[in-house]
Structures are given as C-alpha cells and as structure tokens.
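Peer 1: Sequence first, then the predicted structure, then my questions.
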Amino acid sequence: MAKPSSPPHVSARLRDATVPWLLPAVILVGWQAAVSAGFVSNRFMPAPLDVLRAGRDAVRTGEIWTNLGISTLRALAGFAVGGGIGFALGLANGLSRLSERLTDTSVQMVRNVPHLSLIPLVILWFGIGEEAKLFLVALGVFFPIYANTLHGIRSIDPALVEMGEVYGMSRAELFRRVILPGALPSIFVGLRYALGIMWLTLIVAETISASSGLGYMAMQAREFMLVDVVVLAILIYALLGKLADTLTRALERACLAWNPAYRSA
Amino acid sequence: MLTETLSRDALAPGDTRPEPSAPARRAVSTGEASRGLAVTVRDLHKSFEANPVITGLDLHLPAGSFTAIVGRSGCGKSTLLRLILGLETPTSGRIAVEAPPALSARAVPPRRIMFQEPRLLPWARVVDNVAVGLTGLGTKAERRNRAGAALEEVGLADKAGQWPATLSGGQRQRVALARALVSHPGLLALDEPLGALDALTRIGMQDLIERIWRAQGFTAILVTHDVAEAVALADRILVVEEGRIALDLRVDVPRPRRRGDPDLARLEGRILDHLLGTPQAA
C-alpha cells in the first residue's frame, strides 16, 4: 500500500482498518431499523439486538462454549486426518511417477462425487456418532489439499531442481530446500479451500445427524422456533470462517515472505 | 583466501595466468597458481533421439585457460558444455576432466556451471543462495561466512540478507556467479550467462568475470552468442558448426583488453564473416 513514511500515516491506517467493516455495519443498522419499524416480522428475521441477547444468554448458560468446543474439536480432528492423508499422497504422487500412475486416476474419479452425497451411507455405517462427522470432514478436506500439493510439486521450475542437483544436493536436501518451499504457495491455496470445506461439511453433518455442536444447536432452535438462535449460529459460522482465513493469511505471510505477492498489503 | 590471491595477482600480473600460446610456460605456471582442471574430449558423439547434435568432436582445454564457444542457435554448443559438465551422457566418445598432477594429490576442485538464468532459490536469502554452492561442505556458519566473502567479491555484500526478488537482473546474475565461485571450482562453465542483461551491465559483468578468473585461475568455458563478448574475454575461440569445431582461433591480445581495440575488432569481424558466410545446411 502507501509508503508508511508519509505524514497522514495514522489516519490512513485507521481508514484502511475501518473500510472493510463499513458494509457489515451499514447492513446491521439497516436490518435493525427494518425490524424495529415493522417492515420485517421478527418471527422470520430477528433484529440484531435480539440476536445479541440470544448470544448473551447462550454465553451465560455456557451452552455456546460447549457446542463451539465440540464443533471445533471435530473440525480439527477431521482436518488433521484428511489433510494429513491428502498432503502425504500429494507429495508421494508429485515425487513418484509410479505412485501417481497407481492412484491418481482413482482419486480423480472419487473427487467428482460430492462428498456430502455420502451422508446416508455414512449414517448407515457409523450411525450418528463422532466417526461419521470425522469421516465426512476428512473426506472433504482431503481433495483440495491433495490436488494443490500435487500441483505445487508439479509446477516447480525444473531448472531449479537441476541447479540443486548440479550443486550436489541429496534427495532429502533437494526436497527440503527446493521442492517443498516451491510447492508451499500452492499448498496454502489448498489449505484455504480445505478450511472452508471443513466448516461447511461439519455444519451440514451436525445439522443432519448429531446430538451436540453448533449445527445441532441451530437445528434445535429451529424446532422451538427460536429464530434468534438460528441467526446467532449462522453469524458464528461467519466469524469462524473469517477467523480461519485470518490465521491462514498470517501463516502465509510468515512462510511466504520471500514472495512479493504475499509481502505486506 | 580470495583477497590473498587477488593481491598476489596485482603484484605480478600475468604470472598467475597460464599463457595458452606457450605450452612450455603453461606447464610451469599451472603448477604454482592455477587450480584449473584440464578437459580432453575425444571423438564425441551425442544424439537426442535420432537427432545428431555433436558429431565427432575432439578438443583439449588446458588447465586455467579461458575458452569461448560461439556458434549459431542449435549448433550444439550448449550441449557440448552440458556434456563436459556431466549433465548429459555422451552417445559415444570420451570426456576427461582432470586435475593437473601437482593438484591431484589433494581433493579435486569441483566443476560449476552458471546458467543463462540466475536460477536462485526465491525463498532463500541472497547469502543462503550463495551458500548453496557449498552444499555438503563444512558447518552452516562456515558456509555463511564463505558465502559472505564471495558476495563481497562480486560487490553485493550489502545485499546478503535480501530476497532475490528485490534484486535487479544484473545483481541476480552476480549472486549466481558468487554461488558458482564460492567453492573455488577448478572448472567454470558459463552458458550464456549474460544474454539477458542490458549492454552496460553486461560489460560490467564481463570485467568481473575476467578479474575473478585471473585471480582464481580456474578453467573457464564460455558459451555465447555474442562474438564481441567472446573476443573480449577468451584466450581461444571455438566456432562450433553442425556439432563439430569449424574454427579454432587464438586471441593473443594482452589483458586488460580495451573495448574497441582494433585487433579485437578484426578478430570479431573474421568470426562473424565465418558465421554469416557459411550457408547453414537445412
């Protein structure tokens, strides 16, 4: 962005920080006004203040923390399993022709099946226990991590690999110093996609079959016509998504500082 | 290390450098100062699939010499360089890269190549890129120290902590040169390393390469399109045509050479006449 040494520095930074939140703020105010004035029935759409109240109650009873904690744990466990396998297979197929020829076609076939369509099958297999959610999240997260890791390794400049070989790097050194850092930007793209899919899958799975978690909380609220809690749950998803994105960005900036595309701004 | 050799060179210019036109003197001088490797090529053939690229080439490059290889695109000059470096395997024939007897008792110095592009690792800082040239040697701290010294040699000591993306094209190529030289190679192959640089930067790089070559005494092989560059830098110029050496010229102009020297211009003209005058077989 602008040179940080310019004089209107503080106000410029303040402006940069507030501009992204302007639109959400305007929507909130408009929403509150529309409900208060009676344009929108609060049976269908609760006012922001009602949602806030619902949030306060949920915090007070501790219900929100339990559900948030359970959902987060499920999401992370599924992500670790699916992401780990996807990363490992992506590396294997990027580095070994044989491994790629053996597995890539099968993976590409399975990839085209929407993983949420497996929900009925998964319920048959695992019931509504933790395994079902873990399986679905892992499956959803697997593909973007796999595909982007593979693509990252594929797209490494062969000239750099040749340079490493000329300078006598061993296979392990070549991997650590040339191939992995070169694939990292693409792996991060996969990570971002995967985080999105992680929440999506989990919420859907919890909505359909669960006895705890955020998705379950929203479904319960629907049964009792607690619209404010439903909207609260949706807002929490939005915040979680933003949080995951912010963390990934910070990680990218730390790991990819060499890349002008990721430096500051 | 580098600075020592440099100052010795400054006291007695010419002594550290073998005189290619005087084989008897060369034998004496290489024993003392040169760490160069000698290259001998016998009846070399190389084909890619059915395409012959090198067709029966013989060549001897004495230790410490500076040879330029020029020729049209696709004449096989880059392939010859890659063969000498061991990056390609010959279809038939023999390539020997040997240390002179005085040196062979100790560890044989490495061979290095400088590519057309800098090929720096974008995710490693400049000093770590140079340290790649010391892969497998010494501790990390030693590698960094020597890399820093090599950067100083090419005039980029102040850029050590930067990312390659922040450097200009000429600076990146200087980092690549430092990386090639940091291990004190016995043979440096230059594969059109200056082709992508602007004219002024290129002249600066040519002077730098010549100065370091005179100081370190490695054997240099320069592949280039630019006949003026070949004439300015080399002791000997080989014109390669259809996979064979078509012309072998000595450049007996004393160093330091002045740009625009009439002798150099005459040589350049002769080579260009040869390159342009010979109709290329389809």
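Peer 2: Received the coordinates, thanks.
Peer 1: what residues does the stretch 51-200 of chain A put near chain B?
Peer 2: Applying CB under 8 Å from any CB of the partner chain, we find that the stretch 51-200 of chain A lies next to chain B at A:159-160, A:162-164, A:166-170, A:173, A:177-178, A:181-182, A:184. Bear in mind the C-beta positions are built from the backbone N, C-alpha and C, glycine included.
Peer 1: buried subset of those residues?
Peer 2: Buried members of those, counted by 16 or more other CB atoms under 10 Å in any protein chain shown: A:160, A:162-164, A:166-167, A:169, A:173, A:177-178, A:181-182, A:184.
Peer 1: out of those residues, which are inside helices?
Peer 2: If you go by DSSP state H, those have A:L160, A:E162, A:M163, A:G164, A:V166, A:E173, A:P181, A:G182, A:L184 in helices.
Peer 1: How about the third one: what's its closest non-neighbour residue?
Peer 2: Read it as A:M163. B:R119 (4.3 Å; CB to CB, 6 or more residues apart in numbering or on different chains).
Peer 1: And the nearest residue to B:R250 once chain neighbours are set aside, how close does it get to B:T67?
Peer 2: In this structure, B:R250 finds its nearest non-sequential neighbour in B:R236, 5.5 Å apart by CB to CB, 6+ apart. Distance from B:R236 to B:T67, counting by CB to CB, to the nearest Å: 5 Å.
Peer 1: So for the two, which residue has more residues nearby?
Peer 2: Neighbour totals were compared for B:R236 and B:T67, and B:T67 leads with 23 against 19 (other CB atoms under 10 Å in any protein chain shown).
Peer 1: Remind me which helix or strand that one belongs to.
Peer 2: Using DSSP states H and E, B:T67 sits within strand B:66-70.
Peer 1: before we move on, what about B:R112?
Peer 2: For B:R112, the host element (DSSP H and E) is strand B:111-114.
Peer 1: How about the backbone phi and psi for A:R154?
Peer 2: The phi and psi values for A:R154, taken as degrees, to the nearest 10, are phi -60, psi -40.
Peer 1: just checking, it touches A:G94?
Peer 2: Yes - using CB atoms under 8 Å, A:R154 makes contact with A:G94 at a distance of 6.1 Å.
Peer 1: Show the average pLDDT along the top helix by length along chain B.
Peer 2: The longest helix of chain B (DSSP H) is helix B:199-216. Averaging pLDDT along helix B:199-216 yields 90.
Peer 1: ditto for stretch A:245-257
Peer 2: On average, the pLDDT along stretch A:245-257 is 89.
Peer 1: how near is the residue nearest to B:R250 to B:A230?
Peer 2: 10 Å.
Peer 1: Quick check: neighbours shared by those two?
Peer 2: Counting by CB atoms under 8 Å, 6 or more residues apart in numbering or on different chains, the common neighbours of B:R236 and B:A230 are B:A68.
Peer 1: which intervals of the stretch 51-200 of chain B have sub-threshold pLDDT?
Peer 2: Residue ranges of the stretch 51-200 of chain B with pLDDT under 70: B:102-106.
Peer 1: Could you pull out the strands in it for me?
Peer 2: All strands of the stretch 51-200 of chain B, identified by DSSP state E, counting those that start in this stretch, fall at B:51-61, B:66-70, B:92-98, B:111-114, B:187-191.
Peer 1: Sheet-wise, list the partners of the longest one with their directions.
Peer 2: With DSSP bridges as the criterion, the sheet partners recorded for strand B:51-61 are strand B:38-48 (antiparallel).
Peer 1: List the buried residues of the strand it pairs with.
Peer 2: Buried residues in strand B:38-48, defined by neighbour count with 16+ other CB under 10 Å: B:A38, B:V39, B:V41, B:L44, B:K46.
Peer 1: Repeat that for stretch A:245-259.
Peer 2: With burial defined by 16+ other CB under 10 Å, the residues of stretch A:245-259 counted as buried are A:T248, A:E252, A:C255, A:L256, A:W258, A:N259.
Peer 1: which two in those residues are spaced the farthest apart?
Peer 2: For these, the maximum inter-member distance is 17.6 Å, found between A:T248 and A:W258 (CB to CB).
Peer 1: May I see the buried residues of the one helix or strand A:R192 maps to?
Peer 2: Under DSSP H and E, the secondary-structure element containing A:R192 is helix A:180-208. If you call a residue buried by 16+ other CB under 10 Å, then helix A:180-208 has these buried ones: A:180-199, A:201-208.
Peer 1: CA atoms only: put the helix or strand where B:L249 lies into PDB for me.
Peer 2: Assigned by DSSP H and E, B:L249 belongs to strand B:244-250. Extracted C-alpha coordinates of strand B:244-250, given in PDB (Å, rounded to 0.1, in the frame of the first residue of the first chain):
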ATOM      1  CA  ARG B 244      31.900 -30.000 -34.900                       C
ATOM      2  CA  ILE B 245      34.600 -27.400 -34.400                       C
ATOM      3  CA  ALA B 246      34.700 -25.400 -37.600                       C
ATOM      4  CA  LEU B 247      37.200 -22.700 -36.500                       C
ATOM      5  CA  ASP B 248      39.800 -22.600 -33.700                       C
ATOM      6  CA  LEU B 249      41.300 -19.200 -33.100                       C
ATOM      7  CA  ARG B 250      43.700 -17.900 -30.500                       C
END
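Peer 1: Where is the longest helix in chain A?
Peer 2: For chain A, the helix with the greatest residue count under DSSP H is helix A:63-95.
Peer 1: Quickly find the element holding the nearest residue to A:L195 once chain neighbours are set aside.
Peer 2: Nearest residue to A:L195, sequence neighbours excluded (CB to CB, 6+ apart): A:A244, at 4.3 Å. Element membership for A:A244 (DSSP H and E) is helix A:227-255.
Peer 1: which other residues reach stretch B:269-276?
Peer 2: Applying CB under 8 Å, 6+ apart, the contact partners of stretch B:269-276 are B:V70, B:G71, B:R72, B:V227, B:A230, B:V231, B:I237, B:V239, B:A246, B:L247, B:L249.
Peer 1: Dump that stretch to CSV, restricted to CA.
Peer 2: Below are the C-alpha coordinates for stretch B:269-276, written out as CSV (Å, rounded to 0.1, in the frame of the first residue of the first chain):
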residue,chain,number,x,y,z
GLY,B,269,34.9,-9.5,-38.0
ARG,B,270,36.6,-12.7,-39.0
ILE,B,271,34.4,-14.8,-36.8
LEU,B,272,31.3,-13.1,-37.9
ASP,B,273,32.2,-13.5,-41.5
HIS,B,274,32.7,-17.1,-40.9
LEU,B,275,29.4,-17.5,-39.1
LEU,B,276,27.4,-15.5,-41.6
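Peer 1: Before I go, just wanted to say thanks for your time.
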